[in-house]
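*Asks:* Provided below for reference: sequence and predicted model.
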Amino acid sequence: MPFSDKTAFLSTPTSLDLADSNSVLLLSTFDMNRFDIDLYNKFQIDKPDTLAKAVTKRQAEYLAGRTLAQHAFEHLKQDQVQVPMGQDRAPIWPPGIHGSISHTKGRVACLMTKQAGHYVGIDIEKDLSENGLKSVKQVTLQPSERLFVSQYTELSEAQLAGAIFSAKETLFKALYPVVQRFFGFNAAACVVVNGTRLRMELTQDLHVTLPVGRAFDVQMRLYEGHILTWLIHDANQ
């Protein structure tokens, strides 16, 4: 089992209660100042050749994400196997497992399920700054979403805009294995916020099984200056 503790590069993971023994969501922090390339050997994580010339930040993020995935396998009582990176840079999960990894500035999250036929995605972001809010409103949100964000009162404008941005990232990760091509932020829109759920509807046909109007409920949590969103969705629903 990969080694981690709160005094080392990767903190001991914490889990969110998903009320589902077949799925796990783990969160951890990693310390860039404690990263060393030799940790790949210590944590028994295969380092892709493509990372040989990558910046230290990218090498550390990859190690943190793949190590957290090993802990997720353990939580699900699955054999711990390597999770290589495909040519599209997406993780290649073993048969019978669907998963997703996200990281941002010292935080890392991993969502994994052994439920067959499910879309799985996760994203973690820092709370938006004033400039970040302006950028997200201009680049990420559709006109209807900008109006929605300006009128919603349960969350601040920055919180809701950040949550929608994160939910779109989560949706992309969840649907990419089926779509198998890049699609932009305008492919989906947030139409309802119900507590900690964001109802996202497709505004473009992405696949024969993913037509305009297909809806997904993305889960959201705000904590410690960060926004976390995730999705586990039965592909047959």
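*Replies:* Great, that's in hand.

*Asks:* care to break this protein down by domain?
*Replies:* With domains defined by automatic domain parsing, the chain comprises 14-116, 125-234.

*Asks:* mind putting the ones you listed into TSV with mean neighbour count?
*Replies:* Placement of C-beta: from N, CA and C, glycine included. Output for these, formatted as TSV (neighbours: other C-beta atoms under 10 Å):
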stretch	mean neighbour count
domain 14-116	17
domain 125-234	17
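
*Asks:* who wins for proximity to residue 8 among those?
*Replies:* Of all these, domain 14-116 sits nearest to residue 8, with 6.3 Å by C-beta to C-beta.

*Asks:* tell me what the lengthiest helix in the chain is packed against?
*Replies:* In the chain, with assignment by DSSP state H, the single longest helix is helix 157-179. In this structure, helix 157-179 packs against strand 98-104, strand 118-126, helix 130-139, helix 143-151, strand 188-194, strand 197-202, strand 215-223, strand 226-234, with contacts taken as 3 or more C-beta pairs under 8 Å, 6 or more residues apart in numbering; DSSP states H and E.

*Asks:* so how far is residue 54 from residue 159?
*Replies:* Per C-beta to C-beta, to the nearest Å, residue 159 is found 32 Å from residue 54.

*Asks:* who are the packing partners of the helix or strand of the chain with the lowest mean pLDDT?
*Replies:* When the helices and strands of the chain are scored by mean pLDDT, DSSP states H and E, helix 39-42 comes last with a mean of 94. Contacting helix 39-42 under the criterion 3+ C-beta pairs under 8 Å, 6+ apart is no other helix or strand.

*Asks:* related to what we said a few turns ago, any idea of the angle the longest helix of the chain forms with strand 98-104?
*Replies:* Following axes from the mean of the first three to the mean of the last three C-alpha atoms, to 10 degrees, one obtains 140 degrees for the angle between helix 157-179 and strand 98-104.

*Asks:* and helix 157-179, C-alpha only, in CSV?
*Replies:* Extracted C-alpha coordinates of helix 157-179, given in CSV (Å, rounded to 0.1, in the frame of the first residue of the first chain):
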residue,chain,number,x,y,z
GLU,A,157,-22.1,35.1,-7.4
ALA,A,158,-18.5,33.8,-7.2
GLN,A,159,-19.5,30.6,-5.4
LEU,A,160,-22.3,29.7,-7.9
ALA,A,161,-20.2,30.7,-10.9
GLY,A,162,-17.3,28.6,-9.6
ALA,A,163,-19.6,25.7,-8.9
ILE,A,164,-21.1,25.8,-12.4
PHE,A,165,-17.6,26.0,-13.9
SER,A,166,-16.5,23.0,-11.8
ALA,A,167,-19.7,21.1,-12.7
LYS,A,168,-18.9,21.5,-16.4
GLU,A,169,-15.4,20.1,-15.8
THR,A,170,-16.9,17.2,-13.9
LEU,A,171,-19.4,16.5,-16.7
PHE,A,172,-16.7,16.6,-19.3
LYS,A,173,-14.6,14.0,-17.4
ALA,A,174,-17.7,11.8,-16.9
LEU,A,175,-18.8,11.9,-20.5
TYR,A,176,-15.5,12.0,-22.4
PRO,A,177,-15.1,8.1,-22.3
VAL,A,178,-18.2,7.9,-24.4
VAL,A,179,-17.9,11.1,-26.5
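
*Asks:* how far away from the center of its chain is it?
*Replies:* Centre-to-centre, helix 157-179 and its host chain are 8 Å apart (C-alpha atoms, centre = their mean, to the nearest Å).

*Asks:* so for the residue located most distally from the centre of the chain, what's the pLDDT?
*Replies:* Taking C-alpha atoms, centre = their mean, the residue of the chain most remote from its mean C-alpha position is residue 151, at 27.2 Å. pLDDT recorded at residue 151 is 95.
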